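S.K.: fold the following and give me the result.
(one chain, ligands or ions: 1)
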Amino acid sequence: MNLDKKVYLDNAATTPIRPEVKQTMIEALSYYGNPSSVHSFGRTAKSLIEKARKNIAKELGVSSSEIIFTSGGTEAINMILKGAVRDLGITQIVTSPTEHHAVLNTVHSIENEYGIRVSYVKLDAKGTPDIEDLNKILSEFLSDEKVLVSLMYVNNEIGNLLSVAKVAEICQKYKAYFHCDTVQAVGHYPIDLSSLPIDFISASAHKFYGPKGVGFAFIRKDLPIKSFLFGGEQERGRRAGTECLHNIVGMEEAFLLAYQNLDKERTYIEGLKKYFIERISQEIPLVRFNGQSDNLTESAYTIVNVSLPIEPKKTDVVMLFLDMRGVACSRGSACQSGSSQGSHVLKAILPEKERDKAHIRFSFSIFNTREEVNYVIEVLKEFLQ
Ligand code: PLP
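M.R.: Now for the predicted structure:
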């Protein structure tokens, strides 16, 4: 066994940067003018930012003024959820127990600060928010109640896909605002906001081979959401602070390449995931798949979440063993890795006796190969011997 080998299967935590994106970012570092300055240095920087905004907006079927650059998914989500409550007068939020903590913790904080009420949609047997329950919850609100629904497109731990079009339709029926956390979906799935009645989406470049520390919020035209950072008038007064030019153009490049190559890359990654499922099922027959992650149509092609047939107390040991063999994967969300609490997603979907098992998320990218999958299976078999 080659002990110097490194296999990165933690792409839902973050993806490597594409070489073309790196190059674009390095070149952009030369444009050091402040985009708010009126001289030519500033105007050059500003025009690159506006080009990025236009290109991203075009692909999503919206206008440039509806895209606000942020420092990433978490900031976009905070901006949208807090802004909606403060500026649209939301009194009820409907979400699910399996959302990312960027949503759940923001909702908790707003709940305490603004005294709004929060309802959690029930999950179906495989852990996807139940559309019928969403319909029921929304139908029971008073007609003058202002409601915001926040549900994610792709679950970052188990990969479950939401029927976004159906959710958007139900929200429209009950005149509820809809925020879709699309952090794991942008750059991986086509999103046409010209036909989908979604009011807000959030995105993060480092999930689609772009840089960390940059993302965007889409806020539907005419929704009067104000800045939650106080300062200058950047981003049309909606996000104060000097823009990070090299990150924004890096995100633009990553975004455009992701959509130019979407079908080809999706087929490739889906093939790897299928191969992983087949191999692990053959070699470790007692393996179990969490959520919909072994169902290729109901889960994201990038994510698989397994339970290994080992004692729960050995979970840390298997993670350490994989790491020593150069394999990077995770126990769920990367932001939870340092926490002593287990995954809130698996807690919500698994029976109590199953929760402590060794659950591992493997997530794939265009840079992975079948040979790497074979290596990981061999490492797991070696551990289980
Ligand atoms: N939402 C989802 C579904 C995520 O997977 C993540 C990151 O893991 C976030 C939000 C937060 O995004 P960021 O890391 O850009 O703050």
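S.K.: what helix or strand does Phe255 sit in?
M.R.: Element membership for Phe255 (DSSP states H and E) is helix 245-260.
S.K.: and that helix, what does it pack onto?
M.R.: In terms of contacts (3 or more Cβ pairs under 8 Å, 6 or more residues apart in numbering; DSSP states H and E), helix 245-260 is packed against helix 19-28, helix 40-60. Placement of C-beta: from N, CA and C, glycine included.
S.K.: so what's the backbone phi/psi at the residue of the chain found nearest the ligand?
M.R.: As assessed by Cβ to the nearest ligand atom, the ligand sits closest to Gly73 within the chain, at 2.5 Å. Note on Gly73: its backbone torsions stand at phi -70, psi -40 [degrees, to the nearest 10].
S.K.: next one: it from Asp181, what distance?
M.R.: As for Gly73, its distance to Asp181 is 7 Å (criterion: Cβ to Cβ, to the nearest Å).
S.K.: okay, and the common contacts of these two?
M.R.: The contact sets of Gly73 and Asp181 overlap at 100, 102, 202 (Cβ atoms under 8 Å, 6 or more residues apart in numbering).
S.K.: so which of the residues you listed sit within helices?
M.R.: If you go by DSSP state H, the shared contacts of Gly73 and Asp181 have Ala102 in helices.
S.K.: from the shared contacts of Gly73 and Asp181, which is closest to Leu346?
M.R.: Closest approach between the shared contacts of Gly73 and Asp181 and Leu346, by Cβ to Cβ: His100, at 14.0 Å.
S.K.: ok, which stretches of the chain are strands?
M.R.: Counting by DSSP state E, residue ranges of the strands within the chain are 7-8, 67-70, 92-95, 117-120, 147-152, 177-181, 200-204, 215-219, 288-289, 303-308, 327-328, 358-363.
S.K.: helices and strands around the last one, which ones?
M.R.: Contact partners of strand 358-363 among helices and strands, from 3+ Cβ pairs under 8 Å, 6+ apart: strand 303-308, helix 315-324.
S.K.: tell me which of those sits most buried.
M.R.: Comparing these by mean neighbour count (mean count of other Cβ atoms under 10 Å), strand 303-308 comes out on top with a mean of 24.
S.K.: export that strand as PDB, just CAs?
M.R.: The C-alpha trace of strand 303-308 is given here as PDB (Å, rounded to 0.1, in the frame of the first residue of the first chain):
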ATOM      1  CA  ILE A 303     -22.900  12.700  -2.000                       C
ATOM      2  CA  VAL A 304     -23.200   9.200  -0.400                       C
ATOM      3  CA  ASN A 305     -23.600   8.600   3.300                       C
ATOM      4  CA  VAL A 306     -23.000   5.200   4.700                       C
ATOM      5  CA  SER A 307     -23.200   3.300   8.100                       C
ATOM      6  CA  LEU A 308     -20.400   0.900   8.600                       C
END
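S.K.: so which residues on the stretch 51-200 of the chain come close to the ligand?
M.R.: The stretch 51-200 of the chain has residues 72-74, 100, 102, 152, 156, 181, 183-184 near the ligand, with proximity defined as Cβ under 6 Å from any ligand atom.
S.K.: mind picking the two most distant members of those?
M.R.: Farthest apart among those - using Cβ to Cβ - are Gly72 and Met152, which lie 15.4 Å from each other.
S.K.: give me the more crowded residue out of the two.
M.R.: Neighbours of Gly72 and Met152, each counted by other Cβ atoms under 10 Å, are more numerous for Met152; the result is 27 against 23.
S.K.: my guess is the more buried one contacts Phe178. True?
M.R.: No. Assessed by Cβ atoms under 8 Å, Met152 is found out of contact with Phe178, at 11.7 Å.
S.K.: what about the closest residue to Arg236 other than its chain neighbours, neighbour count?
M.R.: Residue nearest to Arg236 in three dimensions, not counting chain neighbours: Ser65, with 6.5 Å by Cβ to Cβ, 6 or more residues apart in numbering. Ser65 has 14 neighbouring residues, counting by other Cβ under 10 Å.
S.K.: per-residue confidence at Ser65?
M.R.: We have a pLDDT of 97 for Ser65.
S.K.: now swap in Ser333 and tell me
M.R.: According to the prediction, Ser333 has pLDDT 63.
S.K.: tell me the mean pLDDT for stretch 206-217?
M.R.: On average, stretch 206-217 scores 98.
S.K.: that one vs the ligand: in contact?
M.R.: Yes. Interface with the ligand: stretch 206-217 contributes Gly215 (Cβ under 6 Å from any ligand atom).
S.K.: just to revisit the earlier point, can you pick the most crowded of the shared contacts of Gly73 and Asp181?
M.R.: That'd be Ser202 among these, by other Cβ under 10 Å, with 30 neighbours.
S.K.: relative to Asp316, how far out is the closest residue to Glu252 other than its chain neighbours?
M.R.: Excluding its sequence neighbours, the residue lying closest to Glu252 (Cβ to Cβ, 6+ apart) is Ala52, at 3.6 Å. Separation of Ala52 from Asp316 (Cβ to Cβ): 42 Å.
S.K.: what about the stretch 201-350 of the chain, any weak spots by pLDDT?
M.R.: Applying pLDDT under 70 to the stretch 201-350 of the chain flags residues 332-341.
S.K.: what residues does it put near the ligand?
M.R.: The interface of the stretch 201-350 of the chain toward the ligand, taken as Cβ under 6 Å from any ligand atom, is made up of 204, 215.
S.K.: the nearest residue to Pro312 once chain neighbours are set aside: neighbour count?
M.R.: Residue nearest to Pro312 in three dimensions, not counting chain neighbours: Asp356, with 3.7 Å by Cβ to Cβ, 6+ apart. By other Cβ under 10 Å, 14 other residues sit near Asp356.
S.K.: before we move on, what about Glu378?
M.R.: Around Glu378 there are 14 residues (other Cβ under 10 Å).
S.K.: got a pLDDT number for it?
M.R.: We note a pLDDT of 97 for Glu378 in this prediction.
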